[in-house]
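[1] From the sequence below, what's the structure:
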Amino acid sequence: MMNDTLATGGGKGAISLAEYKVLFGNHPGGVAVITVGGVRPAGFTATSVISVSAQPPLLVFSINKTSSSWPIVAEATSAVVHFLSNADRAVADRFATSGIDRFAGLEYSVLDTGEPLIAGIETWAQGTLINRVEVGSSVLLVLQIETAAAAVNHHPLVYRARNYYHLADESKLV
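    Predicted structure coming up:
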C-alpha cells in the first residue's frame, strides 16, 4: 500500500516548520482547556496534555510563550485541566480564539484555590504547578493532581488535521 509521504531533508539540522506541522497535524491529540486564576482568569485550549506518573499523580501540558494566556500562566501556582468531550466543541473553540474575553458570558465557578472551573465539564483535574521547563518556544508545566472528577462514560474530543473528532464506544477496534 502506498502512502503520500512528505519527504524531508537529509537528516542534517531541524525539519522546517511546514514539515513539523504535517508531522504533528495528523497525530491526534485529546482536547483540553487549561484555566488558571490570577489578576484575571486565563485559559487556553491545549492538545498537549499527557499523563506522566500515577505515583505521585502528575500530568504535563505545554503553552507557547507567545500565547496571550502565557503572562498569567507564568505566574500561576495551580491550574485546572478540563478534559473536553464530544459536547464541548464550543468551549474548545472559545478558548482557542485570540483577542476575546474567553470568560465573558461563560458559566463557571471559582475553586477555593482560585482557578475557574467551567460548568458542565465532567472530567477535570486540579492541582499545583510543581515545575516549569522551557523548551524551544514553549514551556512544559508539570501539575501534581490534588482534586479530580472523571465521568464514567467520557467520550473525548480529539483534534487531528485541523478538525475535531470524537471517540465513542462504537469506534473501538476489535
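
[2] Any chance of the backbone angles for Val31?
    The phi and psi values for Val31, taken as degrees, to the nearest 10, are phi -100, psi 130.

[3] For it, list the residues it contacts.
    Thr45, Ala46, Thr47, Leu84, Asp88, Ala92, Pro156, Leu157, Val158, Tyr159, Tyr164 (CB atoms under 8 Å, 6 or more residues apart in numbering). Placement of C-beta: from N, CA and C, glycine included.

[4] Test my guess that the first one contacts Ser98.
    What that stands for is Thr45. No: shown here, Thr45 and Ser98 do not form a contact pair, counting by CB atoms under 8 Å, at 10.9 Å.

[5] Who has more neighbours out of the two?
    Higher neighbour count among Thr45 and Ser98: Thr45, with 21 against 9, using other CB atoms under 10 Å.

[6] Looks like Thr77 contacts Leu129 (just checking).
    Yes: if you go by CB under 8 Å, Thr77 and Leu129 touch, sitting 5.9 Å apart.

[7] Compare neighbour counts for the two and give me the winner.
    Counted by other CB under 10 Å, Thr77 and Leu129 do not tie: Leu129 has more neighbours, with 16 against 13.

[8] where's the more buried one, which helix or strand?
    Leu129 belongs to strand 123-135 when assigned by DSSP states H and E.

[9] Now flag whichever of the contacts of Val31 is closest to Asn64.
    Ala46 (10.0 Å; CB to CB).

[10] per-residue pLDDT, that closest one?
    What the model reports for Ala46 is a pLDDT of 97.

[11] Could you measure from it over to Gln126?
    15 Å (CB to CB, to the nearest Å).

[12] Do a quick rundown of the helices in the chain.
    17-25, 70-75, 89-96 (DSSP state H).

[13] residue ranges for the strands of this structure, please.
    Using DSSP state E, the strands of the chain run over residues 29-30, 32-36, 42-46, 50-53, 58-64, 78-83, 108-110, 116-118, 123-135, 138-149, 157-160, 163-166.

[14] Please identify the most buried of these.
    Sort these by mean neighbour count, taking mean count of other CB atoms under 10 Å, and strand 32-36 sits at the top with a mean of 26.

[15] Output the below-cut-off pLDDT ranges for the protein.
    Residue ranges of the chain with pLDDT under 70: 1-11.

[16] can you tell me which residue is nearest the centre of it?
    Ala46 (2.4 Å; CA atoms, centre = their mean).

[17] And that one, how far from Gly13?
    In terms of CB to CB, Ala46 sits 28 Å off from Gly13.

[18] mind listing what the closest residue in space to Arg40 that isn't next to it in sequence touches?
    Nearest residue to Arg40, sequence neighbours excluded (CB to CB, 6 or more residues apart in numbering): Ile72, at 6.9 Å. Residues near Ile72 by CB under 8 Å, 6+ apart: Val36, Gly38, Val39, Arg40, Pro41, Ala42.
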